[in-house]
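> I'll drop the sequence and a predicted model, then ask my questions.
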Amino acid sequence: MLFNCRSMRLGVLLSLALLASGFGLGLLTMAVPLMMPFSPLALLLVLAAALVLALVFVDAALPDADHRLDGCRH
């Protein structure tokens, strides 16, 4: 799967949203004792954020990435 500038930016933002929601749900789970079943969901959200960010990084590290991402505005 090869990303372009827009999809790479969306991947990073998706990773940020997953990480923020995972941490938020984790903090809520610690604060409210009845929310204990949501603790694994918080962990899965944080791990999914790491996975998405790792996929974006691996795609950016591919040999032809400099040609595909040459026109990106940072």
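Yes, it's here. Bear in mind that the values here come from a model prediction, so they are computed numbers and not experimental data.

> so which other helices or strands are in contact with the helix or strand harbouring G24?
G24 belongs to helix 5-31 when assigned by DSSP states H and E. Contacting helix 5-31 under the criterion 3 or more C-beta pairs under 8 Å, 6 or more residues apart in numbering; DSSP states H and E are the following elements: helix 39-60. The C-beta positions use only the backbone N, C-alpha and C, and glycine is treated the same way.

> re the thing from before, run the chain-centre distance for the helix holding G24.
From the chain centre to the centre of helix 5-31 is a distance of 6 Å (C-alpha atoms, centre = their mean, to the nearest Å).

> in that helix, what counts as buried?
Within helix 5-31, the residues that qualify as buried by neighbour count (16 or more other C-beta atoms under 10 Å) are 8, 11, 14-15, 18-19, 21-22, 25-26, 29.

> and the pLDDT for the residue most central in space within the chain?
By C-alpha atoms, centre = their mean, the mean C-alpha position of the chain lies nearest to S15, the distance being 1.7 Å. Among the per-residue scores, S15 shows a pLDDT of 97.

> need the contact list for A65.
For A65, the contacting residues are D59, by C-beta atoms under 8 Å, 6 or more residues apart in numbering.

> distance of it from D59?
Using C-beta to C-beta, to the nearest Å, one obtains 7 Å as the distance from A65 to D59.

> what does A50 give?
Distance check for A50 against D59: by C-beta to C-beta, it reads 15 Å.

> who has more neighbours, the two?
Of the pair A50 and D59, D59 is the one with more neighbours under other C-beta atoms under 10 Å, namely 18 against 13.

> wait, the more buried one sits on C5?
No. Between D59 and C5 no contact is recorded; they are 11.7 Å apart, counting by C-beta atoms under 8 Å.

> in stretch 61-74, which residues are buried?
Counting neighbours by 16+ other C-beta under 10 Å, stretch 61-74 gives 68-69 as buried.

> where are the low-confidence patches of this protein?
Per-residue confidence for the chain (pLDDT under 70) gives these ranges: 1, 34-35, 74.

> try it again with 80
Residues of the chain meeting the criterion pLDDT under 80: 1-3, 33-36, 64-74.
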